[in-house]
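Novice: Provided below are the primary sequence and the corresponding predicted coordinates.
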Amino acid sequence: MTSTRIRGRTGAWFLRAALVACAACAATGRAADAAPEASANDAPVLRDPWVPPSARKSAATAAPSPAGAALKGRAIDKLRASFMRADVDRVGTITREQARAAGLGLVAARFDAIDTAGRGRVAFDDFLRYLRAQGADL
């Protein structure tokens, strides 16, 4: 009499694969032997079984990624927002200590190079000027 039991790592691997396949079938609401859903070009639609359908985004509703000038604009906006959060006095400039406290390590570490006027405070435009001088394409 032979045993059909699979032991060790191989058995655990097969069990995990079977569970994932069952979960995928349950999540899509179709049987394991049913034909996969097809898109416009007959490619199967692959879905993560752990993401609930209400949280999924379709390709039609997904916003396109920014590129070129739009991407640069977003980067500058994020930098400006971080810089303005550091400006607790709301005067448009920050000190080295404010930069350090806000987590702007680059500004704090390169403060003297950014503050070319030697005022002890830097504006966002000074920071952008420094980044562009260092080769940033902003």
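Specialist: Received it, and whenever you're ready, just let me know what you need.
Novice: low pLDDT regions in the chain?
Specialist: 1-47, 57-64 (pLDDT under 70).
Novice: per-domain residue ranges of the chain.
Specialist: 8-55, 69-133 (automatic domain parsing).
Novice: those strands in the chain, which residues are they?
Specialist: Along the chain, counting by DSSP state E, strands occupy 93-94, 122-123.
Novice: Now do the last one: which elements does it pack against?
Specialist: Helices and strands touching strand 122-123, as assessed by 3 or more C-beta pairs under 8 Å, 6 or more residues apart in numbering; DSSP states H and E, comprise strand 93-94. All C-beta atoms are positioned from the backbone trio N, CA, C, and that covers glycine.
Novice: Next: the first one.
Specialist: Of the remaining helices and strands, those touching strand 93-94 by 3+ C-beta pairs under 8 Å, 6+ apart are strand 122-123.
Novice: I would like the residues contacting the strand it packs on, please.
Specialist: 92-94, 99, 107, 111, 114-115 (C-beta atoms under 8 Å, 6 or more residues apart in numbering).
Novice: Which of those sits closest to residue 129?
Specialist: Nearest to residue 129 among the contacts of strand 122-123 is residue 114, at 8.1 Å by C-beta to C-beta.
Novice: Next, the contact list for the closest residue to the closest one other than its chain neighbours, please.
Specialist: Of all residues not flanking residue 114 in the chain, residue 130 sits nearest, at 4.4 Å (C-beta to C-beta, 6 or more residues apart in numbering). By C-beta under 8 Å, 6+ apart, the contact set of residue 130 is 110, 113-114.
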